[in-house]
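# Have a look at this fold, sequence not included:
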């Protein structure tokens, strides 16, 4: 059975990983920021259409919003970092890419 609190915490974790505020995410999915806060706290369970809009806005498969699916309590931190970096690389400016490249070279040494 899906635990409503776990779903809310998973949504919050993914939102923060994507560097989104409750206000900006709630605007993207068309709900009140207070409603999103209640979902994240586990006070409310989101409707299926809200879950779909959350997955689209957060750019994750809908099953990633459910930490218990497939026996995985959470997506691994490493996996989250990889997704974040890939998203960042594709949306970064040339200047940001150069900075990232230089930082990566320093880490490689």
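Good, I have the coordinates. Please read these numbers as outputs of a predicted model, since none were measured by experiment.
# Dead centre of this protein: give me the residue that sits there.
Central residue of the chain (CA atoms, centre = their mean): residue 14, 2.4 Å from the mean position.
# Am I right that that residue is in contact with residue 61?
No: applying CB atoms under 8 Å, one finds residue 14 not in contact with residue 61, separated by 11.0 Å. All C-beta spots, glycine's among them, are computed from the backbone N, C-alpha and C.
# Pull up the overlap in contacts between those two.
Shared contacts of residue 14 and residue 61 (CB atoms under 8 Å, 6 or more residues apart in numbering): none.
# Just name the shakiest helix or strand of this protein by mean pLDDT.
Ranking every helix and strand in the chain by mean pLDDT, DSSP states H and E puts helix 77-91 at the bottom, with a mean of 75.
# Check which helices and strands it is in contact with.
Helix 77-91 is packed against helix 4-17, helix 94-108, with contacts defined by 3 or more CB pairs under 8 Å, 6 or more residues apart in numbering; DSSP states H and E.
# which other residues reach the helix or strand following the shortest one?
Going back to what we said before, that points to helix 4-17. Remark: after helix 4-17, the chain's next helix or strand is helix 22-29, criterion DSSP states H and E. If you take CB under 8 Å, 6+ apart as the criterion, helix 22-29 is touched by 15, 20, 32-33, 35-37, 40, 50, 53-54, 57-58.
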